[in-house]
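Q: heads up, no residue letters with this:
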């Protein structure tokens, strides 16, 4: 009798744990409300008390709803890959979100300063996948061998919630890592020769990325190594993170590596240019706010 009672208690505890985990993921109603706020560019209720797993589950619900409305997947973004940005959001590891076709804009585009509920801009970079071998990449060289373009990029994220300072890593996952818009610069071809590959790897690690305004004033920036010691390590991390959720990168997809700079709010009349000093072939990319 005592054994049966013990087994019943254990079973109840297991069921309670499963129930708690299920409840920890945002409800369909709450995710729909988040998407409605995102679409309307109005601040949404902060996701609170989420575990990392619940944040990922909530992101999955949100992006599924976006895709049901016609959003076309074009790639992924690794977020919180810069320790300084992790610290700002009280996080200890990167997170990832999805990029959609309607998010990507041409170099020099003029964008409303209020392009989102909590609009920001940051210096970033994209790479384009040329081989699905990228999904088993273990080193920056593995990544370089599986991409055909490196693309200067100004990301225009939207933290979307009523109280951005209360966001943490799990909540940032739930809002699809703030993906809203981004401006693509001129692509740089990935080098073919082995010696050139090593030179490119060194350049990516050591480059100085700088954001400036129209008058040339510095708005922030950093080194390539600020992202996980080498920016292509963001893709190594992403490959592993996607695999844990049964997903993978596809040929032709674009991957955002994360922020080389602080996140800065835009103002109407501002023009922002990002340069990549020390990266061969890299031309500035710019965006204007109206």
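A: Received it, and whenever you're ready, just let me know what you need. Bear in mind that the values here come from a model prediction, so they are computed numbers and not experimental data.
Q: so which residues of the stretch 1-150 of the chain form strands?
A: In chain order, the stretch 1-150 of the chain shows strands spanning 73-79, 95-100, 104-106, 110-111, 122-129, 147-156, with DSSP state E, counting those that start in this stretch as the criterion.
Q: and of those strands, who's closest to residue 54?
A: strand 95-100 (12.7 Å; Cβ to Cβ). Bear in mind the C-beta positions are built from the backbone N, C-alpha and C, glycine included.
Q: pLDDT weak spots in the stretch 151-290 of the chain?
A: Within the stretch 151-290 of the chain, not a single segment meets pLDDT under 70.
Q: and the strands in it?
A: Per DSSP E, counting those that start in this stretch, the stretch 151-290 of the chain has strands spanning 181-184, 188-189, 208-212, 218-223, 254-256, 271-277, 285-289. These are given in chain order.
Q: how about JSON lines for these, with mean neighbour count and distance to residue 120 added?
A: Formatted as JSON lines, the entries for the strands of the stretch 151-290 of the chain read as follows, by neighbours: other Cβ atoms under 10 Å; distance: least, Cβ to Cβ, whole Å:
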{"stretch": "strand 181-184", "mean neighbour count": "22", "distance to residue 120": "11"}
{"stretch": "strand 188-189", "mean neighbour count": "15", "distance to residue 120": "25"}
{"stretch": "strand 208-212", "mean neighbour count": "20", "distance to residue 120": "12"}
{"stretch": "strand 218-223", "mean neighbour count": "17", "distance to residue 120": "12"}
{"stretch": "strand 254-256", "mean neighbour count": "25", "distance to residue 120": "14"}
{"stretch": "strand 271-277", "mean neighbour count": "21", "distance to residue 120": "11"}
{"stretch": "strand 285-289", "mean neighbour count": "21", "distance to residue 120": "11"}
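Q: I'd like these as CSV, with distance to residue 82 appended.
A: Rendered in CSV, the data for those read as follows (distance: least, Cβ to Cβ, whole Å):
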stretch, distance to residue 82
strand 181-184, 16
strand 188-189, 21
strand 208-212, 11
strand 218-223, 7
strand 254-256, 12
strand 271-277, 15
strand 285-289, 18
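Q: how about these, which one is nearest residue 96?
A: For the strands of the stretch 151-290 of the chain, proximity to residue 96 was assessed by Cβ to Cβ; strand 254-256 is nearest, at 9.3 Å.
Q: how far away from the center of its chain is stretch 61-74?
A: Here the centre of stretch 61-74 is set off from its chain's centre by 16 Å, with Cα atoms, centre = their mean, to the nearest Å.
Q: outside of that stretch, which residues touch it?
A: If you take Cβ atoms under 8 Å, 6 or more residues apart in numbering as the criterion, stretch 61-74 is touched by 25-26, 28, 31-32, 34-35, 97-104, 174-176, 253-254.
Q: apply the buried test to those and list what passes.
A: Neighbour counting by 16 or more other Cβ atoms under 10 Å classes 25-26, 31, 34-35, 97-100, 103-104, 174-176, 253-254 among the contacts of stretch 61-74 as buried.
Q: returning to what we had before: among the strands of the stretch 151-290 of the chain, which comes closest to residue 148?
A: Using Cβ to Cβ as the measure, strand 188-189 is the one of the strands of the stretch 151-290 of the chain that comes nearest residue 148, at 6.9 Å.
Q: direction included, what does that closest one pair against?
A: Strand 188-189 has the following strand partners under DSSP bridges: strand 147-156 (antiparallel).
Q: and the angle for the partner strand with strand 122-129?
A: Between strand 147-156 and strand 122-129, the angle formed by their directions is 150 degrees, by axes from the mean of the first three to the mean of the last three Cα atoms, to 10 degrees.
Q: contacts only, for residue 169.
A: With contacts defined as Cβ under 8 Å, 6+ apart, the neighbours of residue 169 are 52, 55, 80, 86, 89-93, 95.
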